[in-house]
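Novice: Model the structure of this input:
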Amino acid sequence: MKKLLALTVAASLAASGSVAHAQRVSKVSGRMIGSMCSNARSAGLCDAYIAGVTDSEVWSKKFDEISNDANAPVAFCVPASETTARLRESVVSWLHRHDDALTQPAAKGIYRALHEAYPCHSATEDKK
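Specialist: Alright, predicted model coming up:
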C-alpha cells in the first residue's frame, strides 16, 4: 500500500511540473489602450502601461540569464535612446493597422507592435 501511495505521489508530482499555469491577464483591451494613448490627457497612463510591458520583457530576459538560459528569445529590443513618445506613436500606429488587436489584451498588442517596430538582431545579423 505504501509503495502504491509513493508511486501515485511521484506520478502526480511529475505530471504537475509539465502543466502550464494560468496567468492573470489585464482586462485592458487593445481598443482601450489605443484610446488612452491617443488622448493627451491620458497619455501618461498609456506611457506607464507601455513602460510596464517593456520593463517586463527586459527583466524576463535578465531572469533567463540568471537561470542559465541566455539563449531564450527576446520579443523586442528597444534602444535605450528611444523616447517614450516614440514608443507610444509606434504602438498607436500599429494598432491603427491591426484591427484584430483591438479586442485582444492590450499587452499582447503592445508586444506585437514593439516586436515589429523594434526587432532584435543577433551579432551575426548585424555583420551582414
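
Novice: in the protein, which ranges drop under the pLDDT threshold?
Specialist: With pLDDT under 70 as the threshold, the chain has low-confidence stretches at 1-21, 122-128.

Novice: rerun at 80
Specialist: 1-23, 62-72, 121-128 (pLDDT under 80).

Novice: What sits closest to the residue most central in space within it if chain neighbours are left out?
Specialist: The structure's the chain has its C-alpha centroid closest to Tyr111; by Cα atoms, centre = their mean the separation is 5.1 Å. The shortest distance from Tyr111 to any residue other than its chain neighbours is 5.5 Å, reached at Ala75 (Cβ to Cβ, 6 or more residues apart in numbering). The way it works is simple: take the backbone N, C-alpha and C, and place the C-beta from them, glycine included.

Novice: Run a quick neighbour tally on the one you found.
Specialist: A count of nearby residues for Ala75, using other Cβ atoms under 10 Å, gives 18.
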